[in-house]
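Student: fold the following, please.
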Amino acid sequence: MQQVAAGRGHAQAQRLGSSHLRYGRHERDPCRGMVTRSVNEDNIMNRLGFACFSACLVLTATPVAAATYQATIVAGHPSVFRWVQMLDEVFIPTVEAELAEHGDTMVFTPQYGGSIAGVGEELEAVEAGLAEIGICQSLFDPAKLAVQNVTYYTPFVSDDARLVSDLMHELHVEDERMREAYADNGVVYLGAPVAIDDYLLMTNFPVSGLDDLAGRKIAAPGPAINWLSGTGAVGVSGNLTTYYNELKTGVYDGVIVFASAALPGKLHEVAPYITRAGLGAQYAGALCANERWWEGLPAEVQAALVAGAEATSGWYLDALEAAVDNAFATMAEQGATIADAPDGMRQAWADGMDNAAQTWATALDDQGRPGSAILALYMEKMRAAGAAPARDWDNE
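Tutor: Below is the predicted model of the structure:
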């Protein structure tokens, strides 16, 4: 090492002129040992050192150029819905604040209410690159986000929306099998689960037991129509956008719905009998991002998006719980009759149902998807968290 370094110093001295060595001085270099350095060499080295020092100062003092990112964010529902409100209220400003700490910005272009994708079409829009971020709604896209619908096939497990939300988020983060459905469709899971508060039975007739449902037409969304099996009711597929008018015109006699949507939908005006049977809180979807776009983002931008999703989840659950309390109070004030189903009715309802969960899980197993494994995992986690299911759907 000393010979090589000394050789380089000697070559430099030769280039500067051998006569300069006569006026040199001896000193010990910690890397090169004892060397002879000329006066001119000293001057040149001093200049080079100052130049390098100055260059370092310039490099360290010059800030990294700020970056601006673009993101279209899509939701099929209009902004009046809480799971869309959360985007403008919390997600976007939180991401902007996180990026501002690095001097970066992200310009969001909201596309809500079916402007580029309808309800249940958000995942396809994000996958195709029409939007970078969207609310991937598993409830309305069961073919592509099948295992995410596990809660809708397991009613009577828990009426705690916060518990369902936290547990489903935990499963997505910790279990790769929950994320496979996203990866298979070119998107990644961001978080901010859309939890739905405990489902109710709202009818235009009083209900004191299951016998009262015999022959009645009851509307329910998606897989929730399975909840009516064994009740004697006639299940009709429906959704929030049509409930009011169809109840009013007698298309059906009742609906399965949740309180936070019943009040703004004014359903208590046409179905004033509300029966709380503990059908259960549910998971309906979460924020997702285009996979290729996500993978091209720096780590700090990805972290900002995750931080935005985490903040959004907290805001959403707080707002949801407040809305549920307000819904029950307001509907009661406006004449609705609200009653808890007797324990016997709730258990009889659960016991009389077909085990749609097992049918659903087996069908997914046959497709090579982890239906039974996710069903067992979800039920085990819920029981461990303190839930008391009316039926152990995984163990039958």
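Student: ok, for residue 144, nearest residue in space, not its chain neighbours?
Tutor: Spatially, and ignoring its direct neighbours in sequence, residue 144 is nearest to residue 185 (5.3 Å; CB to CB, 6 or more residues apart in numbering). The way it works is simple: take the backbone N, C-alpha and C, and place the C-beta from them, glycine included.
Student: OK, contacts around the one you found?
Tutor: By CB atoms under 8 Å, 6 or more residues apart in numbering, residue 185 lies in contact with 123, 127, 144.
Student: distance of it relative to residue 133?
Tutor: Between residue 185 and residue 133 the computed distance is 14 Å (CB to CB, to the nearest Å).
Student: one more: residue 176?
Tutor: 22 Å.
Student: which one's more surrounded, these two?
Tutor: residue 133 (30 against 9; other CB atoms under 10 Å).
Student: the more buried one against residue 190, yeah?
Tutor: Yes - between residue 133 and residue 190 there is a contact under CB atoms under 8 Å: 7.2 Å.
Student: any common contacting residues for these two?
Tutor: 287, 288, 289, 305.
Student: residue 309: what secondary structure?
Tutor: The three-state label given to residue 309 by DSSP: H, G, I helix; E, B strand; the rest coil is helix.
Student: leaving out chain neighbours, which residue sits closest to it?
Tutor: Excluding its sequence neighbours, the residue lying closest to residue 309 (CB to CB, 6+ apart) is residue 191, at 3.5 Å.
Student: wait, that neighbour sits on residue 316?
Tutor: No - Residue 191 is beyond contact range of residue 316, at 10.7 Å (criterion: CB under 8 Å).
Student: give me the more crowded residue out of these two.
Tutor: The residue with more neighbours, out of residue 191 and residue 316, is residue 316; 23 against 20, by other CB under 10 Å.
Student: now do the same contact list for the more buried one.
Tutor: By CB under 8 Å, 6+ apart, the residues touching residue 316 are 82, 83, 86, 90, 192, 194, 195.
Student: same check, this time on residue 228
Tutor: 213, 218, 220, 234, 235, 256.
Student: in helices, which of these appear?
Tutor: Applying DSSP state H to these, no entry is found in helices.
Student: host element of the residue nearest the centre of the chain?
Tutor: With distances taken as CA atoms, centre = their mean, residue 191 lies nearest the centre of the chain, 2.2 Å away. Using DSSP states H and E, residue 191 falls within strand 187-196.
Student: count the neighbours of residue 394 for me.
Tutor: By other CB under 10 Å, 23 other residues sit near residue 394.
Student: actually residue 295, not the one I wrote
Tutor: Around residue 295 there are 10 other residues, counting by other CB under 10 Å.
Student: now swap in residue 349 and tell me
Tutor: The burial count for residue 349: 25, using other CB under 10 Å.
Student: quick one on the thing from earlier: how near is the residue nearest to the centre of the chain to residue 171?
Tutor: For residue 191, the distance to residue 171 - CB to CB - is 12 Å.
Student: would you double-check that residue 231 falls in a strand?
Tutor: No - counting by three-state DSSP, residue 231 falls outside a strand, being coil.
Student: quick check: it touching residue 210?
Tutor: Yes - with contact defined as CB under 8 Å, residue 231 reaches residue 210; the gap is 5.6 Å.
Student: need the residues touching each of these two.
Tutor: Residues within reach of residue 231 and of residue 210 at once, by CB under 8 Å, 6+ apart, are 349, 352.
Student: in contact with residue 304, which residues?
Tutor: By CB under 8 Å, 6+ apart, residue 304 lies in contact with 95, 98, 99, 106.
Student: hmm, back to that, just the contacts of residue 185: which are in helices?
Tutor: Within these, residues falling in helices by DSSP H are 123, 127.
Student: top of the contacts of residue 185 by neighbour count?
Tutor: residue 123 leads the contacts of residue 185 on contacts (other CB under 10 Å) with 26 neighbours.
Student: not counting sequence-adjacent ones, nearest residue to that one?
Tutor: Leaving aside its sequence neighbours, residue 123 sits nearest to residue 136 (CB to CB, 6+ apart; 4.4 Å).
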